[in-house]
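Student: quick one, fold the following:
(one chain, ligands or ions: 2)
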Amino acid sequence: MNYPPRVKLVDVGPRDGLQNEKTMVPAAVKIELVHRLQAAGLREIEVTSFVSPKWVPQMVDNAEVMAGIQRKSGVRYSVLTPNMQGFEAAVLSRPDEVVVFAAASEAFSQRNINCSIAESIERFRPVVEAAKAQNIRVRGAISCAVGCPYEGEIAPERVALVARLMKNIGVQHIGVADTIGVGTPIKVQRALEAALMHYAIDDLSGHFHDTYGQALGNTLASLEMGVWQFDTSSAGLGGCPYAKGATGNVATEDVVYMLNGMGIETGIDLDLLVDAGKFISDFLERKPNSRASTALLNKRNA
Ligand code: HMG
Ligand code: MG
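Tutor: Ligands and ions are numbered 1, 2, ... in the order given. Got it, this is the predicted structure:
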């Protein structure tokens, strides 16, 4: 098996993780988390989203968080922008990358962003144009690429369709997201293959939630296909307010532990990463949702 020699992880904890917390996390804590993640060697961090505060109040401090970060050179800071209103607000915070997010399921598109898949693409079109004009990279996400809380199983053809639509409007990179964490390795490979009909392997990433404990297996199945970019979440934070029951993203700590063991380079210091996950988990008054973190913390305390 030829695994990629190097993997890039995008920590989406500050956004995907904290968007789903019942307790309001102060901007200062979010900023500290970002600082700890970049100190641990993360080169890309999804910081926040410029969405409606009526829909997702957890991200209302988006501009404050972006302004508070002491940027480290070589680190890319990305934010979610579902429409021009979000983009115009986001651009004042100088993101390196914006993320437009569509769904492979019509029902999820309606619940999550209040429009059809086709309408969402029309909302993204000017965002992509404006971003490119300002030299801001554009990443796309395809939610519910394997399963949907409202429609059930999603056929790979749906993923191929959305990937094609994203490609047509100029989205540079596509993330295949198992939003509710129902995917298993072969199904995830089919979804990735569908996206690969329109995107090169270097422009594609996997985003796996761990609801059913499959995310590490799905990551390995992706690596076998040559996929080398993944969204992960420190301490396994995460979820989506419009996907009830879905738990966090695969923990960055667990993925780094696996990759270290496979001799795959990430540039991430696992000890500092564990500290970052412990920091945010302590704030949230819970234990990190990561087996690797738990094992390493137990070892430290032994
Ligand atoms: P809408 O209601 O259809 O928008 O919302 P609208 O254009 O009709 O405007 C209605 C109101 O929203 C107006 O305010 C606008 O100003 C405001 P009002 O006049 O009523 O006071 N508005 C905004 N405010 C702030 N920022 C904006 C914005 N746009 C309009 N950008 C919208 C459409 C997309 C904004 C809304 O549905 C929304 O915010 N949804 C939340 C989406 C979200 O954040 N979901 C979670 C992230 S996606 C995810 O987690 C999945 C992912 O991780 C991958 C995976 O795992 O699948 C990415
Ligand atoms: Mg997600």
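
Student: tell me where this protein has strands.
Tutor: Using DSSP state E, the strands of the chain run over 8-11, 44-49, 76-80, 97-103, 137-143, 147-148, 152-153, 173-178, 204-208, 229-232.

Student: give me the sheet partners of the first one and which way each runs.
Tutor: By that I understand strand 8-11. Paired strands of strand 8-11, with direction, are strand 44-49 (parallel), strand 229-232 (parallel) (DSSP bridges).

Student: wait, which of those is closest to ligand 1?
Tutor: Between ligand 1 and the strands paired with strand 8-11, the shortest separation by CB to the nearest ligand atom is 5.1 Å, and it involves strand 44-49. The way it works is simple: take the backbone N, C-alpha and C, and place the C-beta from them, glycine included.

Student: the longest helix in the chain is where?
Tutor: helix 117-133 (DSSP state H).

Student: is that helix anywhere near ligand 1?
Tutor: No - if you take CB under 6 Å from any ligand atom as the test, helix 117-133 misses ligand 1, and the best it gets is 7.9 Å.

Student: and the pLDDT at the residue nearest to residue 20 when sequence neighbours are not counted?
Tutor: Distances taken as CB to CB, 6 or more residues apart in numbering put residue 239 closest to residue 20, at 3.7 Å, once the chain neighbours are dropped. Looking at residue 239, its pLDDT reads 71.

Student: now residue 196. Nearest residue, chain neighbours left out?
Tutor: Leaving aside its chain neighbours, residue 196 sits nearest to residue 204 (6.4 Å; criterion: CB to CB, 6+ apart).

Student: thought residue 173 was touching that neighbour, still the case?
Tutor: Yes - the pair residue 204 / residue 173 is scored as a contact, 7.1 Å apart, by CB atoms under 8 Å.

Student: these two: who's more crowded?
Tutor: Legend: neighbour count by other CB atoms under 10 Å for residue 204 and residue 173, higher for residue 204 (22 against 19).

Student: quick check: bridge partners of the more buried one?
Tutor: Listed by DSSP bridges, the beta-bridge partners for residue 204 are residue 174.

Student: how about it, what does it touch?
Tutor: 173, 174, 175, 176, 192, 195, 196, 227, 229 (CB atoms under 8 Å, 6 or more residues apart in numbering).

Student: dump those to TSV, plus pLDDT and distance to residue 91.
Tutor: Formatted as TSV, the contacts of residue 204 follow (pLDDT from 0 to 100; distance: CB to CB, whole Å):
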residue	pLDDT	distance to residue 91
173	98	19
174	98	22
175	98	21
176	98	27
192	98	31
195	98	27
196	98	31
227	98	30
229	98	24
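
Student: most surrounded residue in these?
Tutor: Neighbour counts for the contacts of residue 204 (other CB under 10 Å) peak at residue 176, which has 31 neighbours.

Student: can you name the residues that contact that residue?
Tutor: Residue 176 neighbours (CB under 8 Å, 6+ apart): 142, 145, 159, 188, 191, 192, 195, 204, 205, 206, 207.

Student: let's see that with 7 Å instead.
Tutor: Contacts for residue 176 (CB atoms under 7 Å, 6 or more residues apart in numbering) come out as 142, 145, 159, 191, 192, 195, 204, 206, 207.

Student: just give the closest residue to residue 96, not the sequence neighbours.
Tutor: residue 76 is the one closest to residue 96 (CB to CB, 6+ apart), at 4.3 Å.

Student: spell out which parts of the stretch 201-302 of the chain neighbour ligand 1.
Tutor: With CB under 6 Å from any ligand atom as the criterion, the stretch 201-302 of the chain meets ligand 1 at residues 207, 240, 242.

Student: only the buried subset of those residues, as a PyMOL command please.
Tutor: Buried residues among those (16 or more other CB atoms under 10 Å), as a PyMOL selection:
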select buried, resi 207+240+242
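
Student: residue 11 reaches residue 250, doesn't it?
Tutor: No - Residue 11 is beyond contact range of residue 250, at 11.2 Å (criterion: CB atoms under 7 Å).

Student: shared neighbours, those two?
Tutor: Listed as contacting both residue 11 and residue 250 by CB under 7 Å, 6+ apart are residue 232.
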